[in-house]
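1. Dropping a prediction and its sequence here:
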Amino acid sequence: MADFVGALDQGTTSTRFMIFDHGGNEIARHQLEHEQILPRAGWVEHNPTEIWERTRAVIQSTLNKANLGHTDLAAFGITNQRETTLVWNRRTGRPYFNAIVWQDTRTDRIASALEREGKGDVIRRKAGLPPATYFSGGKIQWILENVDGVREAAEKGDAIFGTTDSWVLWNLTGGPDGGVHVTDVTNASRTMLMDLETLDWDDELLSFFGIPRQMLPEIRPSSAPGGYGVTRADGPVGGEVPLTAALGDQQAATVGQVCFAPGEAKNTYGTGNFLLLNTGNELVRSKNGLLTTVCYQFGSEKPVYALEGSIAVTGSAVQWLRDQLGIISGAAQSEALARQVEDNGGVYFVPAFSGLFAPYWRSDARGAIVGLSRFNTNAHLARATLESICYQSRDVVEAMREDSGVALDTLKVDGGITANELCMQMQADILGVPVSRPVVAETTALGAAYAAGLAVGFWNNTDELRQNWNEDKRWQPTWDDEQRTAGYAGWKKAVSRTLDWVDVD
């Protein structure tokens, strides 16, 4: 068997390809950003053609860097930004519209109407999700209703839908020339269209959005021994490699963090934050604003479920300081600037740029900086931005404890912001539990590699994967209970100021 596994991570702001060995060590990577298209307030789009071009480029560059070819890869896995919605023509491969990104809020009236018409409870019961702008169903409906010719093409079977995993898989396996139209259970569970118990598209849910069933990809396990197809010889891999895994990015990070036992949790710090708690084969219905989602399904085994707290804006708040305000020149500078002050100086920043996700689910909220006085500087704002990442995570941890009865004893963390040591110390202080970062912080791609390798016997079982996990650093809490309680009370007060800002019909 070949010595390596490849993993494509198609994310919100960039696409990367990584190659791992049997020990879970990174061999090579290449990463390219793509444009964030912001046509109007609340709208966020990506160019699907650009994403495919970036995918081709990062695969070829990574293989070249490592001096490897397709015969060196035992398997290929894909992980992706979830909920982001693409519709394209299966005969030509041309997208009908830009990809509508998970952060986009243009479907707020669709979500509100579902609640008003009493359909919200059905969606929660079957799909495990609240009606929200976050998920794919409303985005597909918007494209069908607003882009000329799409509904007619969908009813004829020419217009097809996918999240970015489906788009990339379809292109890697031939595109218009025999491309495979598939997704996995984790991505399908983020659409508001799949029944969590049957793991199949649900006709009642499809009827709520007016979506023709023939638009939808076939749903397969996250790690599929039969595979999703093979890469084409004329594609970026340069030969046939079995495509054996696909997982949404947060589920992939859960696998990469080897959270295979009920009660184990991880928090990924990226564009947004996503905290997942493994609940095993049990479907736990949240009463506190969390999502019930598929965590993963390996082959013919029963699906493993999770409770998830999804936070829309964390790392992208730091990007906002850089790109819109210009008070830092790079993300890493946020730590140095925040260290110039000992505390937030009374300033709280709630980055509700596209409303608030878990546990609030308030599309009427908008961002607010509160507590300002003449004393405050850009350093206080930088510190408040990092604190907002940590306080939003605490909101989710509190909801998770209420739903599951499980109190965290350690939080496993991964993603780009974990390189910010001040932010990780703040997280330990605000939660009151240790925070643990693994040696391989980019666990999203690693999880996709693990799932792909398991399918072909590159790794024999999950116990073998646990042996690969090693801690890089641990942060212990330093705040006392009084400081922690006061800080969190200030945060909750700040959140209350963001609500009812936008009128939603």
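-> That came in fine, so what should we check first? Numbering: from 1, shown residues only.

2. ok, Ala57 - how many residues close by?
-> By the criterion of other Cβ atoms under 10 Å, Ala57 has 15 neighbours. Just so you know, the C-beta spots here come from the backbone N, C-alpha and C atoms, and that holds for glycine as well.

3. no, scratch that, I was asking about Gly149
-> Applying other Cβ under 10 Å, we find 11 residues neighbouring Gly149.

4. and if you look at the one 10 residues further on?
-> Each residue near Ala159 was counted by other Cβ under 10 Å, and the total is 25.

5. Can you spell out which residues form a bridge with it?
-> Using DSSP bridges, the bridge partners assigned to Ala159 are Asn89.

6. Confirm that Ala74 lies within a strand, as I assumed.
-> Yes - judged by DSSP: H, G, I helix; E, B strand; the rest coil, Ala74 forms part of a strand.

7. measure the residue of the chain most remote from its centre to Arg116 for me?
-> What lies farthest from the middle of the chain is Arg374; by Cα atoms, centre = their mean that is 38.2 Å. In this view, Arg374 and Arg116 are 45 Å apart by Cβ to Cβ, to the nearest Å.

8. again, but for Thr92
-> According to Cβ to Cβ, Thr92 and Arg116 sit 38 Å apart.

9. Show the pLDDT at the spatially closest residue to Gly120 that is not a sequence neighbour.
-> Distances taken as Cβ to Cβ, 6 or more residues apart in numbering put Pro131 closest to Gly120, at 4.8 Å, once the chain neighbours are dropped. Listed pLDDT for Pro131 reads 92.

10. from memory Pro131 sits against Glu115, does it?
-> Yes - the pair Pro131 / Glu115 is scored as a contact, 5.5 Å apart, by Cβ atoms under 8 Å.

11. out of the two, which sits in the more crowded spot?
-> Each of Pro131 and Glu115 has its neighbours counted (other Cβ under 10 Å); Pro131 has more, 27 against 14.

12. Next, that one: secondary structure please.
-> coil.

13. residues touching it, list them.
-> Residues near Pro131 by Cβ atoms under 8 Å, 6 or more residues apart in numbering: 110-112, 114-115, 119-120, 123, 138, 192.

14. likewise Pro438?
-> Applying Cβ under 8 Å, 6+ apart to Pro438 gives the contacts 257, 412, 414, 469-472.

15. Among those residues, which lie within strands?
-> Members of these lying in strands (criterion: DSSP state E): 412, 414, 471-472.

16. Now restrict the residues you listed to buried residues only.
-> For the ones in strands among the contacts of Pro438, a burial check counting by 16 or more other Cβ atoms under 10 Å picks out 412, 414.

17. just to revisit the earlier point, so how far is Leu321 from the residue farthest from the centre of the chain?
-> Here Arg374 is placed at a distance of 21 Å from Leu321 (Cβ to Cβ).

18. go on, Leu431?
-> The value you get for Leu431 to Leu321, if Cβ to Cβ is used, is 23 Å.

19. do Ala358 as well
-> Applying Cβ to Cβ, the value for Ala358 to Leu321 is 23 Å.

20. neighbour-wise, which of these two wins?
-> Per other Cβ under 10 Å, whichever of Ala358 and Leu321 has more neighbours is Ala358, with 27 against 21.

21. dump the residue contacts of that one.
-> Going by Cβ under 8 Å, 6+ apart, Ala358 touches 289-291, 308-311, 395-396, 399.

22. Sort out for me which of these are in helices.
-> 395-396, 399 (DSSP state H).

23. tell me the two of the contacts of Pro131 that are most distant?
-> The largest distance within these, taken as Cβ to Cβ, falls between Ser112 and Met192 and amounts to 14.1 Å.

24. Mind checking which of those two has more residues around it?
-> Counting neighbours by other Cβ under 10 Å for Ser112 and for Met192 shows that Met192 has the greater number, 30 against 18.

25. Quick check: the more buried one is in a helix.
-> No - counting by three-state DSSP, Met192 falls outside a helix, being coil.

26. Verify the stated contact: it with Ala127.
-> Yes - in terms of Cβ under 8 Å, Met192 counts as a neighbour of Ala127; the distance is 5.0 Å.

27. which residues do those two both contact?
-> Common neighbours of Met192 and Ala127 (criterion: Cβ under 8 Å, 6+ apart): Leu205.

28. Next, the buried residues of stretch 31-46.
-> 31-32, 34, 36, 42-46.
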